[in-house]
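*Asks:* Just to be clear, the model below is a prediction. Sequence and coordinates:
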Amino acid sequence: GAADPSDAEGALAGVLGRTRLDALLVLAEEHTTTGLARRLDVSNATASAHAAALRGAGLVTTVRAGRAVLHRRTALGSLLVRGRGRG
């Protein structure tokens, strides 16, 4: 049913795409673009593009810290993945 977390995760992945959903789950903790790329097994450019898309939707924040760029899930992003079992 609709309350089944696996169904909900599948539905969310259908909207966001599996990689963006995975990025959102990974970004419960702060990661650099490089760190995010490693966790998702994608290029830095791809990780950056996913982070930008999620940022545009208000689901992650990005801050510059020296030469590093740090991404983290927002409260809205956390709300969205709540109940996914991994969120």
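*Replies:* All right, it came through fine. The model shown is predicted, which means the values in this text are computed figures rather than measured ones.

*Asks:* hey, let's count contacts and neighbours off CA atoms from now on
*Replies:* Will do.

*Asks:* what helices or strands is the stretch of helix or strand Arg20 belongs to leaning on?
*Replies:* Taking DSSP states H and E as the criterion, Arg20 maps to helix 18-26. Here helix 18-26 touches helix 5-16, helix 33-40, helix 44-56, helix 75-81, going by 3 or more CA pairs under 8 Å, 6 or more residues apart in numbering; DSSP states H and E.

*Asks:* Centre-most residue in this protein?
*Replies:* The residue lying closest to the centre of the chain (CA atoms, centre = their mean) is Leu24, at 1.7 Å.

*Asks:* Who are the contact partners of the nearest residue to that residue once chain neighbours are set aside?
*Replies:* Setting aside the residues directly before and after it, Leu24 is nearest to Arg73 in space (CA to CA, 6 or more residues apart in numbering), at 6.4 Å. Contact analysis of Arg73 by CA atoms under 8 Å, 6 or more residues apart in numbering lists 24, 27-30, 59-61.
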